[in-house]
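Student: With the input below, show me the fold.
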Amino acid sequence: MNKPVNANQEFQSDFLSVTEARNAISTLIQDIQLQAKRSDAIEKLPLKQCLGRILANDILSPINVPATDNSAMDGFAFNSKDLKTDREQIHLRIVGTVYAGQTSVPPTQASECIKIMTGAMMPPDCDTVIPQEFTQLSDEGLITFAKHTVRAGENRRLRGEDLQADKPAIQQGRILKASDIGLAASLGIAELGVYQRIKVAILSSGDELCDMSEPLVPGKIYDSNRFSLHACLSRLGFEIIDCGIVRDTPEDLRHAFTLASQKADVIISSGGVSVGEADFTKQIMDELGEVGFWKIAMRPGRPMAFGSLKPISPKTSPTVFFGLPGNPVAVMVTFYQFVRNALLQLNGALKPEIPLVLVQSAEAIRKKSGRTEFQRGVLFRDSEGKLFVKSTGSQGAGILRSMSEANCFMILHHDQGNIAPGDWVDVEIFDGLL
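Tutor: Predicted coordinates:
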């Protein structure tokens with residue numbers, strides 16, 4: 001298909017809510033996924049190279065985990081029938097020892113037990129383990145313990161309790177964590193099928209921008225946005241194409257967007273999306289593709305373009321386009337509130353959302369109803385260990401220092417008004433993100 005994907009026309013209003021904007025993006029991404037046939041873009045990788053990649057197929061466990069009934073702790077294994085007595089004290093004779101990794105175990109009879117180590121295979125006639133710290137050992141090789149200290153079946157891990165053979169162990173679409181890598185290794189799986197990484201082109205637009213290799217003259221500023229975006233994308237594991245700084249002319253933007261669309265699945269630009277006379281991003285977007293929406297009821301990051309560029313041939317899919325604001329903080333806010341999830345979704349992830357934590361505000365916060373605000377905050381514990389959040393101070397969209405000092409976003413929702421000390425607010429923690 002060579003017709004560009006168009007976000008729903010109903011979203012062409014002056015101000016969208018954050019929720020409406022996210023839904024529009026998700027809808028377009030789903031359409032492009034169908035055209036791009038991302039399900040075919042799979043590669044097999046050694047397990048050690050799979051951290052952060054997106055799993056392309058369900059992983060079925062080839063074995064039961066655990067493979068046999070085993071002990072959950074160091075202690076003594078016995079048959080719970082020995083608990084069925086009127087005596088308050090249980091006396092059992094030790095008839096052997098079983099270590100983890102031992103492949104054969106001695107049998108037991110009534111009133112007998114086996115000394116057993118954590119992870120060791122349970123003897124065939126035993127179903128309960130009494131922890132060794134609850135027992136007393138006599139010189140005659142007997143253990144004694146109070147009847148009420150253990151119940152029948154306690155401290156035994158059953159065969160297949162964690163995972164059953166041929167059942168899903170890790171689901172397709174999961175962003176693989178360190179624990180997933182360990183789980184796959186525990187199943188003897190040496191490599192995984194993951195989706196190929198999408199290619200993301202980044203560029204900064206603005207005549208005021210200066211590269212770090214150039215002298216900083218009056219009226220110029222160093223370009224920080226490309227470096228912020230590069231770091232954000234690197235953490236997510238995407239393939240990055242740095243297209244540098246593009247001057248604010250229709251010709252330069254047209255050439256840059258066209259060239260980037262030939263190399264990348266997604267283009268992210270910063271700057272040139274406001275209503276200034278030298279902001280040409282929307283104009284070029286209209287020429288080369290479709291603009292999905294333009295303004296969002298949020299702070300910071302109100303002006304943001306989203307849409308797609310026409311495919312370069314009938315056999316390719318449209319290139320997703322994000323035109324982010326030029327202010328450094330607004331770039332990072334819009335990236336994490338809109339772009340991050342869209343990129344992960346496009347790359348095959350099923351649940352890319354960032355969890356929110358409800359925390360009490362340590363201070364009063366001014367907030368206008370009718371827009372969503374993403375304020376930079378510091379999550380901390382008071383002297384009693386209770387979690388609170390406070391602002392980093394001035395929330396100007398150009399104060400990048402506030403992002404460096406913060407460890408979370410305070411998300412003040414669309415219909416919320418002023419926040420009083422002690423009010424509960426949603427917090428999005430930076431750890432693992434920024």
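
Student: quick one: the strands in the stretch 251-400 of the chain?
Tutor: Ranges of strands in the stretch 251-400 of the chain, per DSSP state E, counting those that start in this stretch, are 266-270, 289-295, 298-299, 303-309, 319-324, 357-361, 372-381, 387-391.

Student: Of those strands, which shows the lowest average pLDDT?
Tutor: Of all the strands of the stretch 251-400 of the chain, the minimum mean pLDDT falls on strand 289-295 (a mean of 77).

Student: I202 and Q345, how far apart?
Tutor: Computed as C-beta to C-beta, to the nearest Å, the I202 to Q345 distance reads 19 Å. For glycine as for every other residue, the C-beta is placed from the backbone atoms N, C-alpha and C.

Student: ok, the two, which is more surrounded?
Tutor: When I202 and Q345 are compared for neighbours, I202 comes out ahead with 26 against 22, by other C-beta atoms under 10 Å.

Student: okay but the more buried one is in contact with C243, surely?
Tutor: Yes: applying C-beta atoms under 8 Å, one finds I202 in contact with C243, separated by 6.5 Å.

Student: Not counting stretch 167-182 itself, show me its contacts.
Tutor: 47-48, 50-61, 163, 183-184, 187, 192, 194, 344, 348-352 (C-beta atoms under 8 Å, 6 or more residues apart in numbering).

Student: Check what pLDDT the spatially most central residue of the chain gets.
Tutor: Centroid check for the chain by C-alpha atoms, centre = their mean gives P352 as the closest residue, at 5.5 Å. pLDDT for P352: 86.

Student: show me the contacts for G301.
Tutor: 324-325, 330, 333-334, 337, 374, 397.

Student: Distance to A406 added to those, as TSV?
Tutor: Shown next, in TSV, are the contacts of G301 (distance: C-beta to C-beta, whole Å):
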residue	distance to A406
L324	19
P325	18
A330	14
V333	11
T334	16
Q337	15
F374	10
A397	14
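
Student: Restricted to helices, list those.
Tutor: 330, 333-334 (DSSP state H).

Student: Tell me the one among the residues you listed nearest to M410.
Tutor: V333 (11.6 Å; C-beta to C-beta).

Student: Tell me how many other residues surround that closest one.
Tutor: V333 has 25 neighbours, counted by other C-beta under 10 Å.

Student: And it, how far from N418?
Tutor: For V333 relative to N418 (C-beta to C-beta), the value is 21 Å.

Student: from the chain's centre, how far out does stretch 375-392 sit?
Tutor: Stretch 375-392 sits 23 Å away from the centroid of its parent chain (C-alpha atoms, centre = their mean, to the nearest Å).

Student: Using CSV, write down the CA coordinates of that stretch.
Tutor: Output of stretch 375-392 as CSV, limited to C-alpha atoms (Å, rounded to 0.1, in the frame of the first residue of the first chain):
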residue,chain,number,x,y,z
GLN,A,375,6.2,18.4,36.7
ARG,A,376,9.7,17.4,37.6
GLY,A,377,9.8,16.0,41.1
VAL,A,378,12.0,14.5,43.8
LEU,A,379,10.7,11.4,45.5
PHE,A,380,12.0,11.0,49.0
ARG,A,381,11.4,9.5,52.4
ASP,A,382,10.8,11.6,55.5
SER,A,383,12.3,10.9,58.9
GLU,A,384,9.7,8.2,59.6
GLY,A,385,10.4,6.4,56.3
LYS,A,386,7.2,7.6,54.6
LEU,A,387,7.3,8.4,50.8
PHE,A,388,6.7,12.0,49.7
VAL,A,389,7.3,13.9,46.5
LYS,A,390,8.2,17.6,46.0
SER,A,391,8.9,19.8,43.1
THR,A,392,12.4,20.6,41.8
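
Student: Could I get the buried residue list for the top helix by length along the chain?
Tutor: If you go by DSSP H, the chain has its longest helix at helix 18-36. Neighbour counts over helix 18-36 (16 or more other C-beta atoms under 10 Å) mark 18, 20-22, 24-25, 28-29, 31-33, 36 as buried.

Student: Can you pull out the low-pLDDT segments for this structure?
Tutor: Within the chain, the segments meeting pLDDT under 70 span 1-14, 34-40, 273-279, 293, 313-315, 397-398, 432-434.

Student: quick one, domains of it?
Tutor: 9-41+196-346, 70-157, 357-429 (automatic domain parsing).

Student: Pick the most buried one from those domains.
Tutor: domain 9-41+196-346 (a mean of 19; mean count of other C-beta atoms under 10 Å).

Student: so how far is that one from its chain's centroid?
Tutor: 21 Å.

Student: Stretch 111-125 now?
Tutor: Distance, centroid of stretch 111-125 to centroid of chain: 41 Å (C-alpha atoms, centre = their mean).

Student: end to end, how far does that stretch reach?
Tutor: 12 Å (C-alpha to C-alpha, to the nearest Å).

Student: Show which residues not belonging to it make contact with it.
Tutor: 68-79, 82, 91-103, 105-109, 126, 129-130, 132, 143, 156.

Student: now the ones in helices among the contacts of G301 in CSV, with distance to P303?
Tutor: Below are these laid out as CSV (distance: C-beta to C-beta, whole Å):
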residue, distance to P303
A330, 8
V333, 12
T334, 9
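
Student: From those residues, pick the one nearest L412.
Tutor: Closest to L412, out of all of these and judged by C-beta to C-beta, is V333, at 12.5 Å.

Student: which ones are touching that closest one?
Tutor: 298, 300-301, 374, 409.

Student: Please repeat the previous calculation with a cut-off of 7 Å.
Tutor: 300-301, 374 (C-beta atoms under 7 Å, 6 or more residues apart in numbering).

Student: Does the residue nearest to the centre of the chain touch L346 like I think?
Tutor: No: using C-beta atoms under 7 Å, P352 is not in contact with L346, being 9.9 Å away.

Student: A110 and D69, how far apart?
Tutor: 20 Å.

Student: same deal with V378?
Tutor: Distance from V378 to D69, by C-beta to C-beta: 49 Å.

Student: One more: F257?
Tutor: Distance from F257 to D69, by C-beta to C-beta: 62 Å.

Student: Next: T103.
Tutor: 14 Å.

Student: And for R156?
Tutor: Counting by C-beta to C-beta, the gap from R156 to D69 is 6 Å.

Student: secondary structure element for the residue of the chain positioned farthest from its centre?
Tutor: Going by C-alpha atoms, centre = their mean, the residue of the chain most distant from its centre is E140, 57.1 Å out. In this assignment (DSSP states H and E), E140 forms part of neither any helix nor any strand.
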